[in-house]
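Visitor: just to be clear, the model below is a prediction. Sequence and coordinates:
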Amino acid sequence: MLAISIAALILMLRIRHRSEGYILANIEENVMDSLEYVAILTEEIADGYATTIKESVNYIENLYKDKDNHRRINYGRHTHVGEGDFCYNRYYATTEFINDNTIDEVQLLNNVIEMWKPILMYDDVNISSLYLATEEGFLISLDRDHLSFSGRDEDTYFNFFNREWYTETKARDSLIFTKVSQDYFERGLTLTCAMPFYKDSNFAGVVALDILVHDIQKNIQNVDVSGDSIAFAVDSDGDIIASPSVKDDQTSFENIKDEGTDTSIIADKILSGNPGIELLGDNYYVYAPINNVKWVICVKLPKAIIAESINRIDRNIIRMMGIFVLVAAIMLIIVYKISIAFSNRLTVPIEKLKDDVEIISKGKLDYKAEVVGNDEISDLANSFNDMTTDLKNYISNLTELTAERERNSAELNVATKIQVGMLPSDFPAFPDDKRFDIYATMNPAKEVGGDFYDFFVIDDKHIAIVVADVSGKGVPAALFMAIGKTLIRDHTFIKNDLADVFYTVNNILCDENKENLFITAFEAVINLETGRMVYVNAGHELPYIYKKGKVWEAYNIKPGFVLGGMNDMKFTVGEIILEKGDRIFEYTDGVTEATNAHNELYGMDRLKVSLDNHSEESVKDLLPAIKKDIDEFVDTAPQFDDITMLCFEYRGNV
């Protein structure tokens, strides 16, 4: 019996040793995982803002390179534009910059407002302003609300040459994120993302956007690993820019390097750019870097949280050791039967607790150690139950953070609104013109692609139709789509030859195409008086032609090379004469490559059969009928690509 008691004592010591290590390791791992997740999430958000700035720079530099082929747009100095409460503003650094020489450049750069409007309309509401400032001394901006310099002394003049976002960007010659500061209009703490742009290889100015950091601060402050922990974030200089005590109207910040603060001793390690854990006094400091904005997120975790769990085990083991010593002494002087009975009474609960601990150690945190009676062993069992509850809570917190990440990933769906918002959607599009009928649809996939269609009247006799598909997914593809659609439309109005239109658009898209995206596109221009249709194809799907009274046929044309793939590519123009009642049907590869659960493609053959089956339908009813046939084919299989279709019917003079 004495041997059994000693064995039980050894088991308690082993449990104590393993429990301490397990508690320390799990708390450190869970806290670091939480911090690194929030750091990665913040980096992804900042990268999204950086992508918007880079696309704006590419667009502006292309405006300079091809300025003769872009229209001039004139806005008043403070004007409401677009849907919502958006405000266009223009300022000059000083009076000397207001002259006739800057008028043309201002009106040329006003084209960028058309690119910015969908970003403010559908993108992150934390973007308060997008603006550009030039060496020519003028600044133009698009603000989310009506706040502007109107009504202030600086109604016309704003010397941006001495502003941090301008001077730092020009000096570093690269994309930067500024330090957090109070917004000029007192809307809250603001972070600016800025990047230089060039004209004829010379520095021409800076493009920037202002980001209200309230939501980023909220994500950081909501990191919670225990009730007594405190989360905060510091910038590269050590200023505490996010914590429970930092307010939206704050203009100065505490610094972790300040003498007399708890963190001054370990400030250099926190700002080193590497994750780590430091024990300082009565607290653990766990930190991880947010690299692209050069911040560090930290959690101050009281050592007592860990020590309390270990101390409970220590107290129980000490009590048990005293009991075991007393029991061993009694066992030496009492009779064998009494010692057997007493030893059974002790060892059975211990063995049961041992079994319970082994079950818990395998990760079954919902399992509870059996608590019998009201003695020291039951106290130990309660301690283990408390420990498993704490660990389960830590895991639950981590699960909530993971769910938050998925929610933020879902916000990428906002790019779908950018895509859909730029497509013509009012049908019938030209109700008073009986010479033709047109209808188009676009059904986006779950992940944002880059499909788009367009149609527009060039003059009284001609109408243009466009169907295109951008490679890639997400916000970059949506922005590339917006640029491509705008370029094709603008240059179709300028040039008479579709081959020249695609040649020019291709070269513009190739310049500074750092994302390596490209566009397949088909464009046709129809003479509404004669039925003569000229077309050009850049790697896109073959159109189907319906001759009245006959069947649909795939029109075999040379596809040509894609847009944005290679500079100076030549494109070939084709021609066909449409008779009254003839139709043209164009689409993207989301139609023919729609896949069912058996990995079978919908294909061109099924598309032709469906077109023939519905050839008597109007153009408005034809496209929904084709989409219904596709849906019945794929059944429950998920849609992986956008499905875009356009049908044009030539009716001639009525």
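Guide: Received it, and whenever you're ready, just let me know what you need.
Visitor: what secondary structure does the spatially closest residue to residue 43 that is not a sequence neighbour sit in?
Guide: Nearest-residue entry for residue 43: residue 292, 5.3 Å, with adjacent residues in sequence omitted and distances by C-beta to C-beta, 6 or more residues apart in numbering. Every residue, glycine included, has its C-beta placed from N, CA and C. Assigned with DSSP: H, G, I helix; E, B strand; the rest coil, residue 292 falls in the coil class.
Visitor: please name the residues that touch residue 292.
Guide: Residue 292 makes contact with 43, 46, 47, 50, 177 under the criterion C-beta atoms under 8 Å, 6 or more residues apart in numbering.
Visitor: can you do 7 Å?
Guide: If a contact means C-beta atoms under 7 Å, 6 or more residues apart in numbering, then residue 292 has 43, 46, 47, 177 as its contacts.
Visitor: how close does it sit to residue 257?
Guide: 23 Å (C-beta to C-beta, to the nearest Å).
Visitor: now residue 78: how far from residue 375?
Guide: Residue 78 is 80 Å from residue 375, by C-beta to C-beta.
Visitor: ditto for residue 192
Guide: 65 Å.
Visitor: between the two, which one's more packed in?
Guide: Neighbour count, other C-beta atoms under 10 Å: between residue 192 and residue 375, residue 192 has more, with 25 against 14.
Visitor: over to the more buried one. Which of the three states is it?
Guide: Secondary structure, three-state DSSP: residue 192 is strand.
Visitor: beta-bridge partners for it, please?
Guide: residue 210 (DSSP bridges).
Visitor: doesn't residue 207 make contact with it?
Guide: No. If you go by C-beta atoms under 7 Å, residue 192 and residue 207 don't touch, sitting 10.9 Å apart.
Visitor: secondary structure element for the spatially closest residue to residue 524 that is not a sequence neighbour?
Guide: Nearest residue to residue 524, sequence neighbours excluded (C-beta to C-beta, 6+ apart): residue 535, at 3.9 Å. Here residue 535, judged by DSSP states H and E, is contained in strand 532-538.
Visitor: pLDDT on the helix or strand that that strand is followed by, on average?
Guide: With elements assigned by DSSP H and E, the helix or strand that comes after strand 532-538 is strand 544-546. In this model, strand 544-546 has a mean pLDDT of 97.
Visitor: show me where the stretch 1-150 of the chain has helices.
Guide: Counting by DSSP state H, counting those that start in this stretch, one finds helices in the stretch 1-150 of the chain at the ranges 2-65, 100-109, 112-122.
Visitor: where do the helices sit along the stretch 151-300 of the chain?
Guide: When assigned using DSSP H, counting those that start in this stretch, the helices of the stretch 151-300 of the chain occupy the ranges 164-172, 214-221, 267-270.
Visitor: which stretches of the stretch 501-650 of the chain aren't confidently modelled?
Guide: Across the stretch 501-650 of the chain, nothing is flagged by pLDDT under 70.
Visitor: and the helices in it?
Guide: In the stretch 501-650 of the chain, the helices defined using DSSP H, counting those that start in this stretch lie at 589-592, 603-613, 619-634.
Visitor: can you put these in a markdown table and add mean neighbour count and distance to residue 110?
Guide: Below are the helices of the stretch 501-650 of the chain laid out as a markdown table (neighbours: other C-beta atoms under 10 Å; distance: least, C-beta to C-beta, whole Å):
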| stretch | mean neighbour count | distance to residue 110 |
| --- | --- | --- |
| helix 589-592 | 20 | 35 |
| helix 603-613 | 16 | 43 |
| helix 619-634 | 16 | 36 |
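Visitor: from residue 298, how far off is residue 283?
Guide: Residue 283 is 11 Å from residue 298, by C-beta to C-beta.
Visitor: helices and strands around the strand holding residue 535, which ones?
Guide: helix 498-510, strand 519-527, strand 573-577 (3 or more C-beta pairs under 7 Å, 6 or more residues apart in numbering; DSSP states H and E).
Visitor: closest to residue 565 out of these?
Guide: Judged by C-beta to C-beta, the one of these that comes nearest to residue 565 is helix 498-510, at 7.4 Å.
Visitor: tell me which element residue 486 is part of?
Guide: Using DSSP H and E, residue 486 falls in helix 474-494.
Visitor: flag every buried residue along that helix.
Guide: In terms of neighbour count (16 or more other C-beta atoms under 10 Å), helix 474-494 has its buried residues at 475-492.
Visitor: just checking, residue 315 is part of a helix?
Guide: Yes. The assignment for residue 315 (three-state DSSP) places it in a helix.
Visitor: how much space separates it from residue 106?
Guide: 77 Å.
Visitor: which one of those two is surrounded by more residues?
Guide: Each of residue 315 and residue 106 has its neighbours counted (other C-beta under 10 Å); residue 106 has more, 18 against 14.
Visitor: not counting sequence-adjacent ones, nearest residue to the more buried one?
Guide: That would be residue 138: by C-beta to C-beta, 6+ apart, it lies 5.9 Å from residue 106.
Visitor: quick one: contacts for that neighbour?
Guide: 90, 91, 92, 97, 102, 106.
Visitor: the strand holding residue 535 pairs with which strands, and in what direction?
Guide: strand 519-527 (antiparallel), strand 573-577 (antiparallel).
Visitor: now for the contacts of residue 138: which two are most distant?
Guide: The span of these, defined through C-beta to C-beta, is set by 91 and 102 at 12.0 Å.
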